[in-house]
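*Asks:* Okay, predicted coordinates and the sequence, questions at the end:
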Amino acid sequence: MGHNRTRRGPRGGAWLALVVLFAAAWGTCQGAKLYEVLGIEPSATHREVRKAYRGLALQFHPDKASSADEAKQFEERFITIANAYEVLGDEERRKEYDAAGGDAAAQDGRGSGFSSFDEAYAAYAHHAGGNKVVQDTPLNMALMWVLVGLLVGPAAWAGWQQLGERQRKAEAKAKREAAREAERQRLRQLRLDEVQTRKKEAAERRERSARAAEEEARRQERAMEGVEDLVAAAAAREIEESERRAQARAAKRGPGAPPEAASGPVRPGEAVLDAGKRAGAEWTAEELAKLSRALKRFPAGTQRRWDCVAAAVGGGRTGEEAASVVKQIKLGAVGGSTPAGGGATRTAVAAGGSGEGQGDVGGGEGARGDAAAAAEVDDGVVAGAGDFWTQSEQDALEAALREAAEEGIKGGDKWLLVSDRVPTRSVDECRRRVARLRKALRRKGGGGAAGEQVACK
């Protein structure tokens with residue numbers, strides 16, 4: 001009997017082993033195929049993979065084809081190159097590809113590659129540098145700063161120059177303004193100084209004028225005081241001579257003779273000065289005494305002085321008459337020789353002035369010269385006893401008073417000069433003589449004191 005044995009195929013385990021071996025072989029072929037597409041070895045670095053991809057992409061770009069058929073072939077080849085780099089350019093996918101072959105790209109759901117040229121070219125553009133980040137290296141930084149300097153430097157330099165120019169202009173303007181302000185201040189100060197100088201000069205002129213007026217008033221007062229002393233001396237001498245003549249006439253009549261009748265105005269040559277004649281009326285010794293006191297009471301500079309003096313003298317005398325007689329006395333124009341009193345009057349008039357200018361006529365115009373010493377008779381000295389002075393001694397006394405007034409000698413020096421000019425008399429005798437004459441003059445003219453209050457205060 002023969003046996004029909006059925007021929008059995010390979011068992012399931014064997015088939016599985018065959019499938020695995022085929023997959024591995026296919027994967028190896030596929031791996032070798034991707035590397036061959038890029039023309040590199042499986043051991044190539046990422047840099048070498050990238051370099052090969054860029055070179056092949058440029059080489060098989062459709063734009064470099066010479067015909068439409070060739071362009072179509074270039075597109076297919078470009079897509080193949082892009083798919084190969086899409087796997088090998090990624091380190092993670094490259095490892096999976098190397099481990100499992102071509103299926104590794106599909107296991108993670110990312111597909112098997114690009115199906116069109118546009119997709120492949122977009123990937124190429126991306127890998128070629130569309131999203132490339134430049135690394136910061138010293139060279140890059142240097143190049144960047146050079147570029148910035150070239151672009152921004154000229155504009156910045158121009159702006160800096162303009163800013164500096166504006167600052168210089170502002171500083172120059174500020175300096176000019178400061179200089180102008182300083183000049184204005186200087187001119188203002190000069191004007192103020194000029195005004196102050198003019199004010200000072202005006203004040204100095206006023207002060208000089210005031211001093212000159214004051215000095216002139218003092219000079220006139222001194223001059224008039226000298227005249228007053230001389231008028232007083234002349235009047236006192238007239239009184240003394242009149243009393244002496246009265247005593248002589250009484251002695252001639254003898255005891256028991258009736259007294260003389262009161263006489264009217266003193267006759268010319270006895271008690272009337274020639275100056276009174278020139279003034280238009282006779283001036284008695286009593287009037288001269290009042291005139292002397294009035295001149296002291298109303299000094300130079302008094303308003304309407306001569307009217308006040310005339311009112312103080314009384315007797316209807318006018319200011320013109322008073323000024324005229326004083327002028328004549330100061331000019332030494334009173335003269336005449338009388339048996340008794342003419343010499344004394346003439347000497348007193350001569351002592352009143354030495355021909356220096358005009359008198360204090362018409363309201364205070366004084367004579368020139370320093371005749372103030374004659375006014376400094378010491379009124380406090382008590383008059384001595386009635387010692388007799390000769391005519392020559394009296395003349396010498398009055399001449400000495402005139403000289404002292406002209407030279408401006410005062411005080412003790414004046415009395416030394418008077419005593420030297422009257423050699424027969426001492427200093428005390430000269431002082432007592434002048435004091436006695438003044439006292440006699442005041443006693444003789446005392447009756448008119450009340451009348452001095454009539455016109456002026």
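*Replies:* Structure's in. What do you need?

*Asks:* So W389, which state does it fall into?
*Replies:* Secondary structure state of W389, per DSSP: H, G, I helix; E, B strand; the rest coil, is coil.

*Asks:* Need the pLDDT of the closest residue to it other than its chain neighbours.
*Replies:* Among residues not flanking W389 along the chain, R433 sits closest, at 6.3 Å (C-beta to C-beta, 6 or more residues apart in numbering). Where you see a C-beta, it was placed from the backbone N, CA and C, and this is true even at glycine. The model reports R433 with a pLDDT of 87.

*Asks:* isn't R433 right up against S426?
*Replies:* No - look at R433 against S426 with C-beta atoms under 8 Å: they stay out of range, at 10.5 Å.

*Asks:* List every C-alpha atom in whichever strand or helix holds K414, with coordinates, as PDB.
*Replies:* Assigned by DSSP states H and E, K414 belongs to helix 411-421. Extracted in PDB, the C-alpha atoms of helix 411-421 (Å, rounded to 0.1, in the frame of the first residue of the first chain):
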ATOM      1  CA  GLY A 411      43.100 191.000  73.300                       C
ATOM      2  CA  GLY A 412      46.200 191.700  75.300                       C
ATOM      3  CA  ASP A 413      48.300 192.400  72.200                       C
ATOM      4  CA  LYS A 414      46.000 195.200  71.400                       C
ATOM      5  CA  TRP A 415      46.500 196.900  74.700                       C
ATOM      6  CA  LEU A 416      50.200 196.300  74.500                       C
ATOM      7  CA  LEU A 417      50.200 198.100  71.200                       C
ATOM      8  CA  VAL A 418      48.000 201.000  72.600                       C
ATOM      9  CA  SER A 419      50.400 201.300  75.600                       C
ATOM     10  CA  ASP A 420      53.400 201.400  73.300                       C
ATOM     11  CA  ARG A 421      51.800 204.100  71.200                       C
END
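
*Asks:* Show me what that helix is in contact with.
*Replies:* 373, 376, 396-397, 399-401, 403-404, 407, 409, 425-427, 429-431 (C-beta atoms under 8 Å, 6 or more residues apart in numbering).

*Asks:* Pull out the buried positions in the helix or strand that that helix is followed by.
*Replies:* Counting by DSSP H and E, the element after helix 411-421 in chain order, helix or strand, is helix 427-444. Within helix 427-444, the residues that count as buried by 16 or more other C-beta atoms under 10 Å are 427, 429-438, 440-442, 444.

*Asks:* For helix 427-444, name the packing helices and strands.
*Replies:* In terms of contacts (3 or more C-beta pairs under 8 Å, 6 or more residues apart in numbering; DSSP states H and E), helix 427-444 is packed against helix 138-253, helix 285-297, helix 391-407, helix 411-421.

*Asks:* got the angle for it vs helix 138-253?
*Replies:* Computed by axes from the mean of the first three to the mean of the last three C-alpha atoms, to 10 degrees, the angle separating helix 427-444 from helix 138-253 equals 80 degrees.

*Asks:* so helix 427-444 versus helix 411-421, what angle?
*Replies:* 100 degrees.

*Asks:* between helix 427-444 and helix 391-407, how many degrees?
*Replies:* If you take the same axes, to 10 degrees, helix 427-444 sits at 90 degrees to helix 391-407.

*Asks:* Give me the angle between helix 427-444 and helix 285-297.
*Replies:* Using the same axes, to 10 degrees: helix 427-444 against helix 285-297 is 110 degrees.

*Asks:* can you pull the alpha-carbon coordinates of helix 427-444 into CSV?
*Replies:* C-alpha atoms of helix 427-444 as CSV (Å, rounded to 0.1, in the frame of the first residue of the first chain):
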residue,chain,number,x,y,z
VAL,A,427,48.4,199.2,79.8
ASP,A,428,46.0,199.4,82.8
GLU,A,429,45.7,203.2,82.4
CYS,A,430,44.8,202.9,78.7
ARG,A,431,42.2,200.2,79.5
ARG,A,432,40.7,202.4,82.3
ARG,A,433,40.7,205.4,80.0
VAL,A,434,38.7,203.6,77.3
ALA,A,435,36.3,202.1,79.9
ARG,A,436,35.8,205.5,81.5
LEU,A,437,35.0,207.1,78.2
ARG,A,438,32.5,204.4,77.4
LYS,A,439,30.9,204.6,80.8
ALA,A,440,30.6,208.4,80.5
LEU,A,441,29.0,208.0,77.1
ARG,A,442,26.4,205.5,78.4
ARG,A,443,25.6,207.8,81.4
LYS,A,444,25.2,210.8,79.1
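
*Asks:* Is R317 part of a helix or strand, or is it coil?
*Replies:* Following three-state DSSP, the label given to R317 is coil.

*Asks:* State the distance from the nearest residue to it once chain neighbours are set aside to A212.
*Replies:* Distances taken as C-beta to C-beta, 6+ apart place A310 nearest to R317, at 4.5 Å, with adjacent residues excluded. Here the criterion is C-beta to C-beta, to the nearest Å. By it, A310 lies 29 Å from A212.

*Asks:* of those two, who's got more company?
*Replies:* Using other C-beta atoms under 10 Å as the criterion, A310 and A212 rank with A310 on top: 23 against 10.

*Asks:* Need the per-residue pLDDT for the more buried one.
*Replies:* The model's pLDDT for A310 equals 86.

*Asks:* what do you get for E177?
*Replies:* Confidence at E177, expressed as pLDDT, is 94.

*Asks:* same question, the one 5 residues further on
*Replies:* Per-residue confidence at A182 stands at 94 (pLDDT).
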